[in-house]
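[1] Coordinates for the following, if possible.
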Amino acid sequence: MQTPRILVVEDDAFTRTSIVGALASNGIDVIDSVATSAEAVSSFEKHKPDVVLLDLDLGYGPTGLDLARAFRLRNPNIGLVMLTTYSDPRLLRANLPAIPAGTEYLVKSNIGEIKIVSDAIKLAINYSSNSSNKIKQARNDIPRDLQGMTDIQIETLRMVAQGHTNSEIAKQRFVSEKAVEQTIAKIAKALDIPAATNQNQRVHIARVYFRLTGQGNL
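    A predicted model of the protein is given here:
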């Protein structure tokens with residue numbers, strides 16, 4: 001079998017270099033590594049990789065999910081691995097596209113060795129080469145409590161962590177403040193945050209958000 005050709009898309013230079021070096025030491029052929037979505041599209045067209053390993057958050061502009069969907073449209077057999085600090089892509093921003101079927105979704109904080117990434121690449125290759133797997137759903141590390149949350153709850157979680165008041169959230173969502181309070185209460189319950197004063201509850205929610213996005217605690 002021909003050695004699979006991997007394209008790495010990661011905007012952080014240190015992380016990108018580390019991933020490429022670690023994959024190379026495990027015998028994986030990285031044909032190119034780029035930092036931006038524009039570079040990724042150009043490299044994809046030029047090199048025709050078998051698998052693309054993408055970061056979710058690429059800064060301003062298209063996300064890794066946007067690129068993954070575009071690459072899958074260009075090549076239905078492309079293998080996709082998402083490597084990110086975000087435990088759930090909805091924590092990044094609202095209205096993101098769904099994770100393409102067969103994508104291996106890995107959270108960086110859960111990875112103790114490069115073998116986990118190389119195994120995910122192999123699974124992504126298996127998806128691309130095995131037509132019977134075409135309906136396979138994305139395999140991911142998303143915590144179960146977040147998987148059970150609605151998009152509105154995730155959006156509210158993010159806005160609370162960003163420091164928006166209930167009034168501001170209500171205006172942006174075109175709902176009442178009472179509806180926002182109820183959503184926040186459901187978020188706290190889903191995350192097992194104990195009942196407390198409103199301010200303390202918001203601090204706990206913000207801490208969870210920053211932990212789930214790989215940004216540490218407040």
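
[2] do you know how far residue 111 is from residue 24?
    According to CB to CB, to the nearest Å, residue 111 stands 17 Å off from residue 24. C-beta: built from backbone N, CA, C; applies to glycine.

[3] mind listing what's buried in the helix or strand where residue 24 lies?
    Counting by DSSP states H and E, the element that carries residue 24 is helix 13-25. Neighbour counts over helix 13-25 (16 or more other CB atoms under 10 Å) mark 16, 19-20, 22-23 as buried.

[4] Turn those residues into a markdown table, including distance to residue 49 and pLDDT.
    Shown next, in a markdown table, are those (distance: CB to CB, whole Å; pLDDT from 0 to 100):
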| residue | distance to residue 49 | pLDDT |
| --- | --- | --- |
| 16 | 15 | 95 |
| 19 | 14 | 93 |
| 20 | 13 | 94 |
| 22 | 18 | 92 |
| 23 | 13 | 92 |
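
[5] Closest one of these to residue 55?
    The closest of the buried residues of helix 13-25 to residue 55 turns out to be residue 16 (CB to CB; 8.5 Å).

[6] Now the closest one. Nearest residue, chain neighbours left out?
    Excluding the flanking residues, the one nearest residue 16 by CB to CB, 6 or more residues apart in numbering is residue 10, at 4.0 Å.

[7] Kindly check the end-to-end length of stretch 60-80 for me.
    Distance across stretch 60-80, first residue to last, is 21 Å (CA to CA, to the nearest Å).

[8] For that stretch, buried residues please.
    Using 16+ other CB under 10 Å as the test for burial, stretch 60-80 gives 62-72, 78-80.

[9] Counting neighbours, what do you get for residue 11?
    Residue crowding around residue 11 was assessed by other CB atoms under 10 Å; the count is 16.

[10] Just name the shakiest helix or strand of the chain by mean pLDDT.
    strand 139-140 (a mean of 56; mean pLDDT, DSSP states H and E).

[11] ok, how many other residues are close to residue 94?
    Quick note: residue 94 (other CB under 10 Å) scores 11 neighbours.

[12] Give me the pLDDT for it.
    pLDDT recorded at residue 94 is 85.

[13] wait, isn't it in contact with residue 152?
    No - counting by CB atoms under 8 Å, residue 94 does not reach residue 152; the two are 9.1 Å apart.

[14] quick one, strands of this protein?
    In the chain, the strands defined using DSSP state E lie at 5-9, 29-34, 51-54, 79-84, 104-107, 139-140.

[15] Mind listing residues that contact the fourth one?
    In other words, strand 79-84. Identification of contacts with strand 79-84 by CB atoms under 8 Å, 6 or more residues apart in numbering yields 4, 10, 19, 50-57, 64-65, 68, 71-72, 89, 99-100, 102-108, 111, 117, 120-121, 124-125, 127-128, 214.
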